[in-house]
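**Student:** need coordinates for the following:
(2 chains)
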Amino acid sequence: MTLSTSATADHIYAHGLRNQWHAVVPSRFVAPGGMRKVTALGEQWLLFRRSDGTLAMLADRCPHRGAPLSLGKHLGDRVACWYHGVEVETDGTVSSVPGLPGCNLEGKKLVTSLPVREVSGAVLAWFGDEEHPEPGELTLPDPLTDPEVDAFLCYAEWNVPWRFAMENLLDPMHGAFLHHESHTMFEGDTTAKFRIRETDRGYFFEKTDQRGVNFDWVELCRTGADWVDLSIPYPPSAGPGGPFGIVGMACPVDEGRTGVFFWRYRRVEGWQRDSWRFLYKTLIEQRHWDVLEQDRVMLEAMPADADQHENLYQHDLGVVRLRRLYRTAAEAQSA
Amino acid sequence: MTDPVNGAWPYLYVHQSRTHEPSPYEYKLAATLEQVFTQEGHELADVVRGLNARQVHAADGAPWTEESFRAEMNRLGA
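**Tutor:** Modelled structure (predicted):
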């Protein structure tokens, strides 16, 4: 069984919240005819495509003896376990037990199957617990659905707890220090006052005395999936189109690992869009990557108990708020 | 190009948007374009003039026009 309702709040807080959508891996990681083993929320999963190209996601565990289905064979609209050939359909139903035809496993839905969607180059899955298997509503991040906005997805895997990755995003002040030596965040005051501003889908954490200069604000959005939106100015070398934005998501892989998804987007059209895309692919993507590596190096070096022994100040209100929100949700989802 | 999408953790790969390693022509055009955006401005006419003034021309050696620049960006930025 997967994602049981008996998990403790500590387990859920460490391994990721249930009953919401999470980005899992980039779409291109799951090739037609191929199978992709994925760890998410501390569980093992299998992603593969049906013959029509649509995705299926199953618990990576044969209902017979528990062997990983990901070691088996892709048979178009079902998979066959390598161990004894048991065949499982995309909805988790056992379609065939070749060693004992007519065996009572056949026709039973014995494998957890997660609802999946592909969004702007990423696979999103609904991680419901036993009481909430049906997918909840998902409102996609508006920058990813706006036809006047162009975006590139950057995906990376970090050896950090998912909460640290999210907290980093709700802490805009680190931009002026950690990313001072970067192509985008070298300007702006190194002191600031922040405020929290509620929205109907989450909250803004923003500077009160500076905007459009550094990483000056961030919005946490809870719209079926958790994501952040933020904006950072480009230098004039990036050409027309103004600042770039980031839609960020984090996949809790397990208690110590996180898959991070950053869509770098810009409101650009026509030749301006084309020239940004050309520059991005040729020169800018590397610079964005260098900034991301600064985050990874810092976060991976943080002790596992970093959030247990702190002395916080006003700039940490966004983080404190986030923790309280996630902790409360984990308590509510636990037995 | 090779892209290590084989499931090995961690996936840390800089160039996720590229379909090929840029050619010397593409690197030179991109670097000059950044210089032009910085020094000349963001209007299409500024860009075409700036590239031509620096004699960084299209792959066929012809000076840029607004039309040829748009077409080349469309090809390279797709």
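
**Student:** which residue is the nearest non-sequential neighbour of residue 48?
**Tutor:** Here I'm looking at chain A. Nearest in space to residue A:48, with sequence neighbours left out and distances taken as Cβ to Cβ, 6 or more residues apart in numbering or on different chains, is residue A:35 at 4.5 Å. No exception for glycine: its C-beta is placed from N, CA and C like everyone else's.

**Student:** that was the other one, I meant chain B.
**Tutor:** Spatially, and ignoring its direct neighbours in sequence, residue B:48 is nearest to residue B:64 (4.8 Å; Cβ to Cβ, 6+ apart).

**Student:** repeat for residue A:252
**Tutor:** residue A:16 (2.8 Å).

**Student:** what sits against the one you found?
**Tutor:** With contact set as Cβ atoms under 8 Å, 6 or more residues apart in numbering or on different chains, residue A:16 has these partners: A:22, A:40-42, A:127, A:162, A:251-252.

**Student:** what's the burial count for the closest residue to residue A:224 other than its chain neighbours?
**Tutor:** Of all residues not flanking residue A:224 in the chain, residue A:138 sits nearest, at 3.6 Å (Cβ to Cβ, 6+ apart). Residue neighbour count, defined by other Cβ atoms under 10 Å in any protein chain shown, stands at 15 for residue A:138.

**Student:** which residues in the chain form helices?
**Tutor:** Unless you meant another one, I'm taking chain A. Per DSSP state H, chain A carries helices over the ranges A:9-15, A:142-145, A:162-169, A:270-279, A:285-301, A:317-333.

**Student:** can you look at chain B instead?
**Tutor:** B:24-39, B:44-53, B:66-77.

**Student:** ok, which of the ones you listed comes nearest residue A:67?
**Tutor:** Judged by Cβ to Cβ, the one of the helices of chain B that comes nearest to residue A:67 is helix B:66-77, at 46.7 Å.

**Student:** and that closest one, how far out from the chain's middle?
**Tutor:** On the basis of Cα atoms, centre = their mean, to the nearest Å, helix B:66-77 sits 10 Å off its chain's mean C-alpha point.

**Student:** do the same with stretch A:163-174
**Tutor:** On Cα atoms, centre = their mean, the centre of stretch A:163-174 falls 14 Å from that of its chain.

**Student:** list the contacts of it.
**Tutor:** A:13, A:158, A:192, A:194, A:205-207, A:214-218, A:220, A:226, A:228, A:230, A:248, A:250, A:258, A:260, A:295, A:299, A:302, A:306-307, A:315-316, A:318-319, A:321-323, A:326.

**Student:** related to what we said a few turns ago, Throw the helices of chain A into CSV and include mean pLDDT and mean neighbour count, thanks.
**Tutor:** Listed next are the helices of chain A as CSV, based on pLDDT from 0 to 100; neighbours: other Cβ atoms under 10 Å in any protein chain shown:
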stretch, mean pLDDT, mean neighbour count
helix A:9-15, 96, 19
helix A:142-145, 97, 15
helix A:162-169, 98, 23
helix A:270-279, 98, 22
helix A:285-301, 98, 16
helix A:317-333, 97, 17
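
**Student:** wait, residue A:159 touches residue A:300, no?
**Tutor:** Yes: in this structure residue A:159 lies within contact range of residue A:300 using Cβ atoms under 8 Å: 5.1 Å.

**Student:** residues from chain B in reach of chain A?
**Tutor:** Proximity of chain B to chain A, by Cβ under 8 Å from any Cβ of the partner chain, involves residues B:3, B:5, B:7, B:9-18, B:22, B:26-27, B:29-31, B:33-35, B:37-38, B:42-44, B:47, B:69-70, B:73-74, B:76-78.

**Student:** mind giving me the PyMOL command for buried ones among the residues you listed?
**Tutor:** The command below creates a PyMOL selection of those among the residues of chain B next to chain A that count as buried (16 or more other Cβ atoms under 10 Å in any protein chain shown):
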select buried, chain B and resi 5+11+15+16+17+22+26+29+30+33+34+37+42+44+47+69+70+73+74+76+77
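
**Student:** not counting its neighbours along the chain, what's nearest residue 45?
**Tutor:** Reading this off chain A. Setting aside the residues directly before and after it, residue A:45 is nearest to residue A:38 in space (Cβ to Cβ, 6+ apart), at 4.7 Å.

**Student:** should've been chain B
**Tutor:** residue B:66 (7.0 Å).

**Student:** now do residue A:47
**Tutor:** Closest residue to residue A:47 in three dimensions, ignoring its sequence neighbours and counting by Cβ to Cβ, 6+ apart: residue A:36, at 4.4 Å.

**Student:** pull the number of nearby residues for that neighbour.
**Tutor:** Burial of residue A:36 is recorded as 22 neighbouring residues (other Cβ under 10 Å).

**Student:** so it sits against residue A:25, correct?
**Tutor:** Yes: shown here, residue A:36 and residue A:25 form a contact pair, counting by Cβ under 8 Å, at 6.7 Å.

**Student:** mutual contacts of these two, please.
**Tutor:** In contact with both residue A:36 and residue A:25: residue A:47, using Cβ under 8 Å, 6+ apart.

**Student:** from the contacts of residue A:16, which single one is nearest chain B?
**Tutor:** Of all the contacts of residue A:16, the one sitting nearest chain B is residue A:251; the distance, using Cβ to the nearest Cβ, is 11.7 Å.

**Student:** next one: the closest one from residue A:132, what distance?
**Tutor:** Separation of residue A:251 from residue A:132 (Cβ to Cβ, to the nearest Å): 19 Å.
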